[in-house]
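Novice: What would the 3D arrangement of this be:
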Amino acid sequence: MALEPLADRVVIKPKEEVEEKVGAIIIPDTAKEKPAEGKVVAIGPGKKNDDGKQVAMTVKVGDTVLYGKYSGTEVTVENEELVIMRESDILAVIE
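Specialist: Residues are numbered from 1 along each chain as shown. Below you'll find the predicted structure:
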């Protein structure tokens with residue numbers, strides 16, 4: 001992938017939705033909630049503090065994370081749906 005995030009930004013591949021059918025009700029794609037879970041595929045070098053020193057990132061590539069529904073910016077790179085957000089928008093790391 002040719003996408004390198006800057007500063008404290010993180011690139012996340014959202015978890016694929018598993019379609020479950022209950023009865024005969026069909027829910028259109030526009031009404032489905034987006035997953036707020038995904039895997040970190042790239043991280044930036046970290047932001048700089050007031051002293052100009054680089055602050056290390058907490059998450060690392062390969063981590064599975066939870067993030068807010070409306071966090072980040074959705075992008076498509078090489079036909080792959082990704083979300084770019086600041087590290088501070090990540091709510092938790094799933095171990």
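
Novice: the strands in this structure, which residues?
Specialist: Secondary structure of the chain by DSSP state E: the strands cover 9-14, 37-43, 64-67, 73-77, 80-86, 90-94.

Novice: which one of the ones you listed is the most hemmed in?
Specialist: strand 9-14 (a mean of 22; mean count of other CB atoms under 10 Å). C-beta coordinates here come from the backbone N, C-alpha and C atoms, glycine included.

Novice: Would you pull up how far that one lies from the middle of the chain?
Specialist: Distance of strand 9-14 from the chain centroid (CA atoms, centre = their mean, to the nearest Å) equals 3 Å.

Novice: on that earlier part again, got JSON lines for the strands of the chain, with mean pLDDT and distance to residue 24 too?
Specialist: Below are these laid out as JSON lines (pLDDT from 0 to 100; distance: least, CB to CB, whole Å):
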{"stretch": "strand 9-14", "mean pLDDT": "96", "distance to residue 24": "28"}
{"stretch": "strand 37-43", "mean pLDDT": "95", "distance to residue 24": "28"}
{"stretch": "strand 64-67", "mean pLDDT": "96", "distance to residue 24": "32"}
{"stretch": "strand 73-77", "mean pLDDT": "93", "distance to residue 24": "31"}
{"stretch": "strand 80-86", "mean pLDDT": "95", "distance to residue 24": "29"}
{"stretch": "strand 90-94", "mean pLDDT": "94", "distance to residue 24": "34"}
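
Novice: List the beta-bridge partners for the residue minimising distance to the centre of the chain.
Specialist: Residue closest to the average C-alpha location in the chain (CA atoms, centre = their mean): residue 12, at 3.1 Å. With DSSP bridges as the criterion, residue 12 is bridged to residue 40, residue 83.
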